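J.: quick one: sequence plus predicted model below, questions after.
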Amino acid sequence: MFENIIAAPADPILGLNDAYKSETRTHKINLGVGVFKDESGNTPILNAVKKAEARLLETETSKSYLSISGIDSYGKAVRSLLFGEGAELVNSGRAVTAQAPGGTGALRIGAEFLASQGGVKKVWISDPTWANHYAIFKSANIESGSYRYYDAATKSLDFDAMYQDLSRVPAGDVVLLHGCCHNPTGVDPTAEQWKLLAELAKEKGWLPMLDFAYQGFAKGVDEDAIGLRTFVEQVDELLIASSFSKNFGLYNERVGALTLVANTTEQAATAFSQVKSVIRANYSNPPAHGALVVTTVLHDAELKAEWIGELADMRNRIHELREALVAKLNALGVDQDFSFILTQNGMFSFSGLNKDQVERLKSEFAIYMVSSGRINIAGVSLSNLDYLCESIAKVL
């Protein structure tokens, strides 16, 4: 039967990364895959992570299986980051957390849980969004619809259109929202807009599901949770898929979590039993190492403070690169206004470059980015800034 199988199309981002690796020109630049890079182009291991790993190496006594939902203390640490230290949800039992293999795994667990237990038929996803969102929900047999999000003309959030579209979402459907640092645009709602969206969810009865992969990359750990915490004030039920790939640099450890919030402690426990049933039939139980690292850091005051500082350094580097990129393009006298890059959050930016310009940058200048024009700001460095901006000026 295998001879009749047709090859699947390459993933638009990981496929681009493979093409970059095969590129032989030495001046090549990769602005595609979403990983943080330092000035040398490396994705560093955080000092807090290395210290936690050294501690684990000395103290770990077993490699036995974890429980289906993972490490209990990891779940507590996740909930404290999401909702804040001492928050009612952290202590009440209304919020429960399952350790997951990355944010992608958390989304998939959530999708299968919603399809099998919630009777959910449709999820509404921002236009544009991370390309894998559609595949994840399709794999769980949930239909996808889209709501307007980005205004290409103004390079900003089209909140009026977003609000209109979500006002028409039927009760019982799911709305997928980016918790912060929207991928791919880098454009987030304001605090007041988050409040309006939360009130709308309560009024219309749709279920919010937040993809929260970049906490700490916009303004800070607590500041970036404003949208989530605003929803918690308004609605009794929601799901959060979170990840520590970016803010801990634990990309290949695949450390994520699915957190479920229910109206009562009893409802949370019942629903969580079905989440665990989904996990059991999928990968049975999660890997330990990455979650133990996160748990060790977040439960140690000194290590946590060091992590917060390193996260701030990464965030500040991205802000500085945004400023340098805009300043250099202005200095080159390009006609297009790129100042919108300064108002975006996180690693990603919708550059405004079209598909033809993106293709020219790749073919003529060995600069790789997603065909939509989305760029990973962290792929810019002071050493490649001049060449990058001069190349963009030429294709414009």
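T.: Arrived safely.
J.: alpha carbons only for contacts and neighbour counts from here, please
T.: Will do.
J.: what comes into contact with whichever strand or helix holds residue 192?
T.: Using DSSP states H and E, the element containing residue 192 is helix 191-204. Outside of helix 191-204, the residues within contact range by Cα atoms under 8 Å, 6 or more residues apart in numbering are 159, 163, 166-167, 169-171, 207-208, 226-227, 230-231, 234-235.
J.: what do you get for stretch 46-57?
T.: Defining contact as Cα under 8 Å, 6+ apart, one finds that stretch 46-57 is touched by 248, 249, 292, 293, 294, 296, 297, 303, 304, 306, 307, 310.
J.: which of those are buried?
T.: Buried by 16 or more other Cα atoms under 10 Å: 248, 249, 292, 293, 294, 296, 297, 303, 304, 306, 307, 310, out of the contacts of stretch 46-57.
J.: and the two most separated of those residues?
T.: 292 and 310 (18.8 Å; Cα to Cα).
J.: in its sheet, what does whichever strand or helix holds residue 349 sit against?
T.: Using DSSP H and E, residue 349 sits within strand 348-350. According to DSSP bridges, strand 348-350 forms sheet pairs with strand 374-376 (antiparallel).
J.: and the strand it pairs with, which residues are buried?
T.: 374, 375, 376.
J.: thought the second one was touching residue 35?
T.: Spelled out, it's residue 375. No - the pair formed by residue 375 and residue 35 falls short of the contact definition of Cα atoms under 8 Å, at 11.2 Å.
J.: switch the contacts of stretch 46-57 over to a markdown table; also include pLDDT and distance to residue 130.
T.: Shown next, in a markdown table, are the contacts of stretch 46-57 (pLDDT from 0 to 100; distance: Cα to Cα, whole Å):
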| residue | pLDDT | distance to residue 130 |
| --- | --- | --- |
| 248 | 96 | 20 |
| 249 | 95 | 19 |
| 292 | 97 | 28 |
| 293 | 97 | 27 |
| 294 | 97 | 25 |
| 296 | 97 | 30 |
| 297 | 97 | 29 |
| 303 | 97 | 32 |
| 304 | 97 | 30 |
| 306 | 98 | 31 |
| 307 | 98 | 27 |
| 310 | 97 | 26 |
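J.: how many neighbours does the closest residue to residue 289 other than its chain neighbours have?
T.: Nearest non-adjacent residue to residue 289, counting by Cα to Cα, 6 or more residues apart in numbering: residue 253, 7.4 Å away. By the criterion of other Cα atoms under 10 Å, residue 253 has 17 neighbours.
J.: which among the contacts of stretch 46-57 gets closest to residue 274?
T.: Nearest to residue 274 out of those is residue 292 (Cα to Cα; 24.5 Å).
J.: re the thing from before, and whichever helix or strand comes after the strand holding residue 349, C-alpha only, in CSV?
T.: Per DSSP H and E, the first helix or strand lying C-terminal to strand 348-350 is helix 355-365. Extracted in CSV, the C-alpha atoms of helix 355-365 (Å, rounded to 0.1, in the frame of the first residue of the first chain):
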residue,chain,number,x,y,z
LYS,A,355,5.4,37.3,-1.8
ASP,A,356,7.4,38.5,-4.8
GLN,A,357,9.6,40.6,-2.6
VAL,A,358,10.1,37.7,-0.2
GLU,A,359,11.0,35.4,-3.1
ARG,A,360,13.5,38.0,-4.4
LEU,A,361,15.1,38.3,-1.0
LYS,A,362,15.6,34.5,-0.9
SER,A,363,16.8,34.0,-4.5
GLU,A,364,19.0,37.1,-4.9
PHE,A,365,20.2,37.8,-1.4
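J.: return the set of buried residues in helix 355-365.
T.: Quick answer for helix 355-365 (16+ other Cα under 10 Å): 357, 358, 359, 360, 361, 362, 365.
J.: I'd like those as TSV, with distance to residue 116 appended.
T.: Converted to TSV, the buried residues of helix 355-365 look like this (distance: Cα to Cα, whole Å):
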residue	distance to residue 116
357	44
358	41
359	42
360	46
361	45
362	43
365	48
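J.: with pLDDT as new columns, can those residues be given to me in TSV?
T.: Below are those laid out as TSV (pLDDT from 0 to 100):
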residue	pLDDT
357	92
358	92
359	93
360	94
361	93
362	93
365	93
